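**Student:** Show me the folded form of this:
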Amino acid sequence: MISPHVSIQQLLKISVFFVLVARACLPVAGFEDKLNLPPVTPSAASVLVAAADSAPHVRERAQFQCDGESDQAEINQAILSDNIVRVRQGGKLDIGFRSWAGSRRHVISDNVLIVDEGGACGLAMDIRGTESTVTGNNVATHDSAAPTRILFTAGNAVFANNVVANTRVEVDDRTGANLPIMLHSNILSQSEVVHRQGNLQQASFLPKPQ
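**Tutor:** Numbering: from 1, shown residues only. A predicted model of the protein is given here:
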């Protein structure tokens, strides 16, 4: 029996341990299926932030719980790096990673978000804060006819050194400040950049068709 005084950090370590044991006991290929994971699977190190109107069982599991007032305080504390999220067949994810409007200096880095065939993700990233750095992430969806999106709605932002597939990167600065949104050194496979409004500065690499 686990003591009720065990901290969240200790529970995460225990979760990682059991996942590693399970991985060691099962073939690498398809081991997630054997573990019967839910349709949307975060990594053991992921941080869950619950909205004010989230279901009770979600709020109970969340490390950060918003109350509907000045929620950026909770969002600003969330760790937005080194997560692995897989949306499996039948799963639906509204938003993978987000920075709150009015927040500053978020770094969203080294995450992996994968959408399997039959899964759906509306927004892989919703970047609303200013002075955001988005780097080293890998975002991929199975179906090019149903791409996920990465949305920037505030400036002084950098999107660099990311690898995306079947993803639409949208620049739609709604602040009116005309601060730069810089995209460079990304690999966009079967993906596109859509510039709606704002000060976009771009230099991305698109792989040549085979």
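**Student:** hey, which strand is longest across this structure?
**Tutor:** When the chain is parsed with DSSP state E, its longest strand is strand 180-189.
**Student:** Buried residues of that strand, list them for me.
**Tutor:** Taking 16 or more other Cβ atoms under 10 Å as the basis for neighbour counts, the residues of strand 180-189 that come out buried are I181, M182, L183, N186, L188. Yep, even glycine has a C-beta here, placed from its N, CA and C like the rest.
**Student:** Tell me who's in contact with T130.
**Tutor:** Residues in contact with T130 (Cβ atoms under 8 Å, 6 or more residues apart in numbering) are S103, R104, A154, G155, N156, A157, T175, L179.
**Student:** Would you check that the fourth one makes contact with T175?
**Tutor:** Meaning G155. Yes: with contact defined as Cβ atoms under 8 Å, G155 and T175 form a contacting pair (6.4 Å).
**Student:** So which of those two has more stuff around it?
**Tutor:** Per other Cβ atoms under 10 Å, whichever of G155 and T175 has more neighbours is G155, with 22 against 15.
**Student:** Setting aside sequence neighbours, what's the nearest residue to the more buried one?
**Tutor:** For G155, ignoring the flanking residues on the chain, the nearest one in space by Cβ to Cβ, 6 or more residues apart in numbering is L179 at 2.7 Å.
**Student:** Model confidence score at that neighbour, please.
**Tutor:** Model confidence at L179, given as pLDDT, is 96.
**Student:** try T153
**Tutor:** According to the model, T153 scores 97 on pLDDT.
**Student:** do F64 as well
**Tutor:** Confidence per residue is given as pLDDT, and for F64 that number is 63.
**Student:** Kindly report the same for I79.
**Tutor:** pLDDT, the model's per-residue confidence, is 56 for I79.
**Student:** same check, this time on the one 10 residues further on
**Tutor:** With respect to pLDDT, Q89 scores 89.
**Student:** Quick check: which ranges of the chain have low pLDDT?
**Tutor:** Scanning the chain for pLDDT under 70 picks out the ranges 1-51, 63-66, 68-79, 204-210.
**Student:** give the contact list for L179.
**Tutor:** By Cβ under 8 Å, 6+ apart, the contact list for L179 reads T130, A154, G155, N156, A157, D173, N199.
**Student:** Now secondary structure too, for these, in TSV please.
**Tutor:** As requested, these are exported to TSV (DSSP: H, G, I helix; E, B strand; the rest coil):
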residue	secondary structure
T130	strand
A154	coil
G155	coil
N156	coil
A157	strand
D173	coil
N199	strand
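**Student:** quick one on the thing from earlier: out of the contacts of T130, which is nearest to T148?
**Tutor:** Distance ranking of these against T148, using Cβ to Cβ, places A157 first at 18.4 Å.
**Student:** Settle this for me: F152 is touching E170, isn't it.
**Tutor:** Yes: between F152 and E170 there is a contact under Cβ under 8 Å: 6.9 Å.
**Student:** Settle it for me: which of those two has more neighbours?
**Tutor:** Remark: of F152 and E170, F152 carries more neighbours, 25 against 17, as counted by other Cβ under 10 Å.
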